[in-house]
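Peer 1: Turn this into a model:
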Amino acid sequence: MRFALVVVIISFTALLHAQAAQSPAQDTTLQPFAPAKMGADGRFSNANGRMDKGGLAVQVPFMLRRFGTYLRSADGAPGLILNDGAALRANADNSSMTPTVTWVGHATLLVQMSGVTFLVDPIWSNTPSPVPLLGPSRFVPPGIALADMPNIDFVLVSHNHYDHLDLPTLGKLAERNSQTQFFVPEGNGALLRGAGVSNVTELNWGQQVRLGQVVIHCLPAQHWSKRKLTDTNKMLWSSWAVTSEQRRFYHAGDTGYFDGFKVIGEHLGPFDLAAVPIGAYAPRAMMRASHMNPEEAITAALDLRAQVALAVHFGTFDLSDEPLQQPPKRFMRAAKAQDLTTPDAWVLKIGETRTF
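Peer 2: Have a look, this model is predicted:
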């Protein structure tokens with residue numbers, strides 16, 4: 001029992017603590033986004049320096065409370081629409097593709113725009129953990145089956161936490177289509193190659209790649225990385241933008257609120273749609289630096305000059321202290337309090353598709 005307790009604590013620590021098939025054109029550096037800095041110890045850092053995670057007095061009680069997640073009710077979890085993928089497959093084959101976004105669950109989005117279909121932070125696994133039997137399990141299944149999806153041109157991964165970089169899912173996507181390209185922040189490529197995913201491109205902040213009609217931008221975020229006990233911040237984290245002449249899309253990945261949103265908005269906005277994380281924000285002393293609360297997510301969308309702010313990263317897994325139903329309610333209240341028509345705030349059901 002004692003061993004199991006240690007394994008569970010390690011599992012949650014790794015997860016939260018510390019929380020078109022064409023060849024891409026040559027990368028260039030997009031100013032003013034400076035590359036992430038790596039110290040002499042081989043660890044990356046945020047632009048704002050080291051983040052405060054609240055200390056052991058906050059972290060240890062939080063980890064112990066995670067054992068209660070096995071008994072937590074699914075009341076308040078997002079609704080589910082089982083998407084058979086037929087409309088998405090038809091849209092992918094349409095020469096005049098309609099821009100769509102589908103919430104698969106958690107931070108996973110399926111996006112179609114400007115002739116490409118892509119995924120961000122795909123996870124179809126039931127439990128994001130180094131020890132799957134002991135980690136937090138889904139409250140809601142994925143909104144679409146892997147087998148029902150359209151052909152995926154490329155995949156974007158924001159960072160290496162288990163709920164964002166899910167090796168079993170990435171391996172299945174690579175097996176499904178050998179032409180699918182995978183874009184990851186610098187240092188994460190070896191993880192994918194070790195899982196048999198070979199078509200991998202690593203980017204640092206400010207680098208961009210052209211693929212068909214779109215440009216993929218690796219951009220800053222305020223977060224951290226960890227897969228094992230000793231590899232904290234040895235692999236980079238990022239947000240992503242995908243832009244074309246017709247549409248501009250942004251996914252914040254996993255991040256605390258920081259002034260980089262304004263810089264991104266000024267130089268790459270306005271965005272037609274910005275996906276912003278709204279969950280895993282409590283306790284604030286531990287989470288503030290690395291996870292936005294719903295009000296900060298709305299502010300970030302305003303900084304990004306987004307026409308639509310899409311809420312993600314809530315309700316799928318039990319990752320923190322706030323009630324399941326709280327993030328979307330606060331998100332919509334915050335949007336209403338701004339008394340603005342832009343950004344429009346969207347809270348989708350898992351599996352739901354909307355045009356943008």
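Peer 1: Can you give me the buried ones in the helix or strand that contains residue 209?
Peer 2: Secondary structure assigned from DSSP states H and E places residue 209 in strand 207-211. Neighbour counts over strand 207-211 (16 or more other C-beta atoms under 10 Å) mark 207-209, 211 as buried. Backbone N, C-alpha and C define where each C-beta goes, glycine included.
Peer 1: now do stretch 39-52
Peer 2: Judged by neighbour count (16+ other C-beta under 10 Å), stretch 39-52 contains these buried residues: 43-44, 46-47, 51.
Peer 1: Equivalent analysis for stretch 270-278, please.
Peer 2: Along stretch 270-278, these residues count as buried under the neighbour rule (16+ other C-beta under 10 Å): 271-278.
Peer 1: re earlier: hmm, which two among the buried residues of stretch 39-52 are most spread apart?
Peer 2: The span of the buried residues of stretch 39-52, defined through C-beta to C-beta, is set by 43 and 47 at 14.5 Å.
Peer 1: on that earlier part again, what are the pairing partners of the strand holding residue 209, and which direction each?
Peer 2: Strand pairing for strand 207-211, using DSSP bridges, gives strand 28-29 (antiparallel), strand 214-219 (antiparallel).
Peer 1: now these as a markdown table including mean pLDDT and distance to residue 350?
Peer 2: Shown next, in a markdown table, are those (pLDDT from 0 to 100; distance: least, C-beta to C-beta, whole Å):
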| stretch | mean pLDDT | distance to residue 350 |
| --- | --- | --- |
| strand 28-29 | 54 | 37 |
| strand 214-219 | 98 | 25 |
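Peer 1: Quick check: which of these is buried the most?
Peer 2: Comparing the strands paired with strand 207-211 by mean neighbour count (mean count of other C-beta atoms under 10 Å), strand 214-219 comes out on top with a mean of 24.
Peer 1: picking up where we left off before, what's the closest of the strands paired with strand 207-211 to residue 193?
Peer 2: Per C-beta to C-beta, nearest to residue 193 of those: strand 214-219, 18.4 Å.
Peer 1: Quick check: next helix or strand after that closest one?
Peer 2: Toward the C-terminus, strand 214-219 is succeeded by strand 239-243 as the next helix or strand (DSSP H and E).
Peer 1: List the buried residues in the helix or strand just after that following strand.
Peer 2: Toward the C-terminus, strand 239-243 is succeeded by strand 248-251 as the next helix or strand (DSSP H and E). Neighbour counts over strand 248-251 (16+ other C-beta under 10 Å) mark 248-251 as buried.
Peer 1: What's the first helix or strand after strand 248-251?
Peer 2: Using DSSP H and E, the helix or strand that follows strand 248-251 towards the C-terminus is helix 260-268.
Peer 1: helices or strands next to that next one in the packing?
Peer 2: Judged by 3 or more C-beta pairs under 8 Å, 6 or more residues apart in numbering; DSSP states H and E, the packing partners of helix 260-268 are strand 214-219, strand 239-243, strand 248-251, helix 294-303.
Peer 1: neighbouring contacts of the shortest one?
Peer 2: If I follow you right, that is strand 248-251. Strand 248-251 is contacted from outside by 101, 107, 109, 111, 113, 120-121, 156, 158, 239-243, 264, 268-275, 304, 306, 312, using C-beta atoms under 8 Å, 6 or more residues apart in numbering.
Peer 1: just the second one next, same as before
Peer 2: Surrounding strand 239-243, the residues in contact under the criterion C-beta under 8 Å, 6+ apart are 111, 113, 116, 118, 120, 156, 158, 183, 214-221, 248-253, 255, 264, 268, 271.
Peer 1: Same question for the longest one.
Peer 2: Helix 294-303 is contacted from outside by 252, 256-257, 261-262, 264-265, 274, 276-278, 281, 292, 309, 311, 327-328, 330-331, 333-335, 338, 340, 343, 345, using C-beta under 8 Å, 6+ apart.
Peer 1: Of those residues, which belong to strands?
Peer 2: 274, 276-277, 309, 311, 345 (DSSP state E).
Peer 1: Among these, which pair sits farthest apart?
Peer 2: Farthest apart among these by C-beta to C-beta are 277 and 345. That separation is 13.8 Å.
Peer 1: burial measure for residue 64, as a count.
Peer 2: Residue 64 has 13 neighbours, counted by other C-beta atoms under 10 Å.
Peer 1: and the next element down the chain from the strand or helix carrying it?
Peer 2: Using DSSP H and E, residue 64 falls within helix 56-65. With elements assigned by DSSP H and E, the helix or strand that comes after helix 56-65 is helix 86-92.
Peer 1: Quick one: name whatever helix or strand follows that next one.
Peer 2: Criterion used, DSSP H and E; the element after helix 86-92 is strand 100-105.
Peer 1: Show me what the helix or strand following that next one is packed against.
Peer 2: Following strand 100-105 in sequence order, the next helix or strand is strand 108-113 (DSSP H and E). Packing partners of strand 108-113 (3+ C-beta pairs under 8 Å, 6+ apart): helix 86-92, strand 100-105, strand 116-120, strand 248-251, strand 308-312.
Peer 1: For those, could you give me JSON lines that also reports mean pLDDT and distance to residue 39?
Peer 2: Converted to JSON lines, the helices and strands packed on strand 108-113 look like this (pLDDT from 0 to 100; distance: least, C-beta to C-beta, whole Å):
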{"stretch": "helix 86-92", "mean pLDDT": "98", "distance to residue 39": "43"}
{"stretch": "strand 100-105", "mean pLDDT": "98", "distance to residue 39": "35"}
{"stretch": "strand 116-120", "mean pLDDT": "99", "distance to residue 39": "28"}
{"stretch": "strand 248-251", "mean pLDDT": "99", "distance to residue 39": "27"}
{"stretch": "strand 308-312", "mean pLDDT": "98", "distance to residue 39": "31"}
